[in-house]
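Enquirer: Structure for this input, please:
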Amino acid sequence: MPFFEYTAYDKKNNRKIKGEIDSTSAATVRDDLGAKGLFVIEVKEKVAKKQFKFKLPTFKSVPWKELAGFFKSLSLSVKAGVSLSQVFETLVDQAVHPYFKTVLADVHLGITKGRALSECFEAYPKIFPHQFIALVQGGEQSGKLAETLEEYSKYVEERRKMMGEIIGKLAYPAIIVLVAVAALLILTLHIFPTFMKALNIPISKLPFVTQLVYGFSTTVLEHWPTILVLVIVGGGGSQYFFFGTSQGRKIVHYLQINFPVVKELFKKMNIATFSRTMALQSKAGVASVASLELTKKSMPNLYYVEMVDDILETIKRGGSYLEAMKKKPHLVTPLVTLLISVGEQTGTFDEVLDTIATYYNDEVRATVSALTSMIEPLMIVLMGCFVAVIVSAMFLPLFDLVTLVH
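Expert: Predicted structure coming up:
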């Protein structure tokens, strides 16, 4: 019988607990823990350590666009009063991705056997986010499944549109950079060496700028295999360190919230994520402590994860959100602390969180627009400077030749 690791919230004693249990499936573990009065946050099978074996990569990720369409279709169908069995029968037929079709077929089978929808989703944690599974579970327990799915569908659509807008605004500067790099490489590695051969002047007698460009061009042409290897190894190593290790991620996340040009953007993005996630959990009827546990997993920045941890500990001690947030003035703006205070005092916490999320999502869009407006002329100026250096390197020797002739 397999072992499962679980994380749950003990409502009676107001604490989070972790443990292991042997059972036939993750769904059975959920049932057993639920019967004991525990709110299950996460269940996963404990995998025994194995020796390394080479395996071909498997492509089981589902395109985000199809997943967003699934959330929308599920929300509309449940809201219309269609039974879950009929809903998933239709969703299986309209699924495009082969693996996702298999997943939905398995979920449909689980529903026909009487399992809860959240339990069926729990079997595929790499497809369905923990946040979504917890919201579905909360919606089932509170009898607000249709409303919960509708709210989550709106949240996904909002994020999809915002990311689309951001990518669209960054596309033009990215194209400028690519064109600039391509043009500079052609000028430096093809046109300039050809020009130098035709000029036939000793290097020592050339102007300093020409010698500089000639040295760069010659070095790249003669040692390009070594340079290519160094770039690949250096790039791969840097990516692993900064995104694959805890120390590297901490450096990146520190720069995100402290580097002058981008810090406001990343702060607004994290505040919006925190507010919207908490609002969704609260509306679905998820308990405050369990909601914070799930929100912590959704935060993209480690420093905001630590902030949520502080809020969690404060709430467990009987404190308030405001009390914990005031300790992190570099992460939370005065406006957020003011609105949170009002929400806690008036009992409109959900509405306040939604307001904060909407406001800061709009602020993210505005900040991205401002940044791209700054980047575009900067890229053009830099490209012009590089081209000016190369053109100077080519024409200065010609001016010297004209001077010598006269």
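
Enquirer: What sits closest to residue 302 if chain neighbours are left out?
Expert: residue 253 (4.6 Å; Cβ to Cβ, 6 or more residues apart in numbering). Any C-beta I mention is one placed from the backbone N, CA and C, and that applies to glycine too.

Enquirer: tell me the phi and psi of residue 129?
Expert: Torsion angles at residue 129 (phi, psi; degrees, to the nearest 10) stand at phi -60, psi 150.

Enquirer: do the same with residue 38
Expert: Dihedral pair for residue 38: phi -100, psi 140, per degrees, to the nearest 10.

Enquirer: Kindly report the same for the one 5 residues further on.
Expert: For residue 43, the backbone dihedrals (degrees, to the nearest 10) come out as phi -130, psi 130.

Enquirer: start at 26 instead
Expert: Done: numbering now begins at 26, and the last item shifts to residue 68.

Enquirer: Do you know the pLDDT at it?
Expert: Listed pLDDT for residue 68 reads 78.

Enquirer: mind checking how far it is from residue 364?
Expert: Per Cβ to Cβ, to the nearest Å, residue 68 is found 35 Å from residue 364.

Enquirer: Please identify which of these two sits among more neighbours.
Expert: Neighbour tally, residue 68 and residue 364, criterion other Cβ atoms under 10 Å: the higher count belongs to residue 68, 24 against 21.

Enquirer: looking at it, that one is touching residue 48, isn't it?
Expert: No. The pair residue 68 / residue 48 is not scored as a contact, 9.2 Å apart, by Cβ atoms under 8 Å.

Enquirer: Identify the contacts common to the two.
Expert: Residues touching both residue 68 and residue 48 (Cβ atoms under 8 Å, 6 or more residues apart in numbering) are 29, 54.

Enquirer: what about the residue nearest to residue 327, helix or strand, and which?
Expert: Per DSSP states H and E: residue 278 is located in helix 271-283.

Enquirer: Tell me the buried residues in the next helix-or-strand element following that helix?
Expert: Next helix or strand after helix 271-283 toward the C-terminus (DSSP H and E): helix 288-308. Residues of helix 288-308 classed as buried: 289-308 (neighbour count, 16 or more other Cβ atoms under 10 Å).

Enquirer: Quick one: list the elements packing against helix 288-308.
Expert: Under the contact criterion of 3 or more Cβ pairs under 8 Å, 6 or more residues apart in numbering; DSSP states H and E, helix 288-308 touches helix 155-167, helix 170-211, helix 271-283, helix 313-323, helix 327-341, helix 374-430.

Enquirer: Output that helix as PDB, nothing but the C-alphas.
Expert: What follows is helix 288-308 as a C-alpha-only set of coordinates in PDB (Å, rounded to 0.1, in the frame of the first residue of the first chain):
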ATOM      1  CA  LYS A 288      11.000  47.600  -8.200                       C
ATOM      2  CA  GLU A 289       7.600  49.400  -8.400                       C
ATOM      3  CA  LEU A 290       6.400  47.000 -11.100                       C
ATOM      4  CA  PHE A 291       7.200  43.900  -9.200                       C
ATOM      5  CA  LYS A 292       5.800  45.200  -5.900                       C
ATOM      6  CA  LYS A 293       2.500  46.000  -7.700                       C
ATOM      7  CA  MET A 294       2.400  42.600  -9.300                       C
ATOM      8  CA  ASN A 295       2.900  40.800  -6.000                       C
ATOM      9  CA  ILE A 296       0.300  42.900  -4.200                       C
ATOM     10  CA  ALA A 297      -2.200  42.200  -6.900                       C
ATOM     11  CA  THR A 298      -1.500  38.500  -6.800                       C
ATOM     12  CA  PHE A 299      -1.800  38.400  -3.000                       C
ATOM     13  CA  SER A 300      -5.100  40.400  -2.900                       C
ATOM     14  CA  ARG A 301      -6.800  38.500  -5.700                       C
ATOM     15  CA  THR A 302      -5.800  35.100  -4.400                       C
ATOM     16  CA  MET A 303      -6.900  35.900  -0.900                       C
ATOM     17  CA  ALA A 304     -10.200  37.300  -2.200                       C
ATOM     18  CA  LEU A 305     -10.900  34.100  -4.200                       C
ATOM     19  CA  GLN A 306     -10.200  31.900  -1.200                       C
ATOM     20  CA  SER A 307     -12.300  34.000   1.100                       C
ATOM     21  CA  LYS A 308     -15.300  34.000  -1.200                       C
END
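
Enquirer: what kind of secondary structure is the most centrally placed residue in the chain in?
Expert: Centroid check for the chain by Cα atoms, centre = their mean gives residue 325 as the closest residue, at 6.3 Å. Following DSSP: H, G, I helix; E, B strand; the rest coil, the label given to residue 325 is coil.

Enquirer: Help me confirm that it comes into contact with residue 292.
Expert: No. Residue 325 is beyond contact range of residue 292, at 11.6 Å (criterion: Cβ under 8 Å).

Enquirer: Return the residues in contact with residue 252.
Expert: residue 245.

Enquirer: Nearest to residue 235 among the helices and strands packed on helix 288-308 would be which one?
Expert: Closest to residue 235 of those is helix 374-430 (Cβ to Cβ; 4.3 Å).

Enquirer: Which elements pack onto that closest one?
Expert: The contact analysis (3+ Cβ pairs under 8 Å, 6+ apart) places helix 374-430 against helix 170-211, helix 217-224, helix 233-269, helix 288-308, helix 359-371.

Enquirer: Show me how far the second one is from its chain's centre.
Expert: Spelled out, it's helix 217-224. Remark: helix 217-224 is offset 48 Å from the chain centroid, using Cα atoms, centre = their mean, to the nearest Å.

Enquirer: Flag every buried residue along stretch 279-289.
Expert: Within stretch 279-289, the residues that count as buried by 16+ other Cβ under 10 Å are 281, 282, 289.
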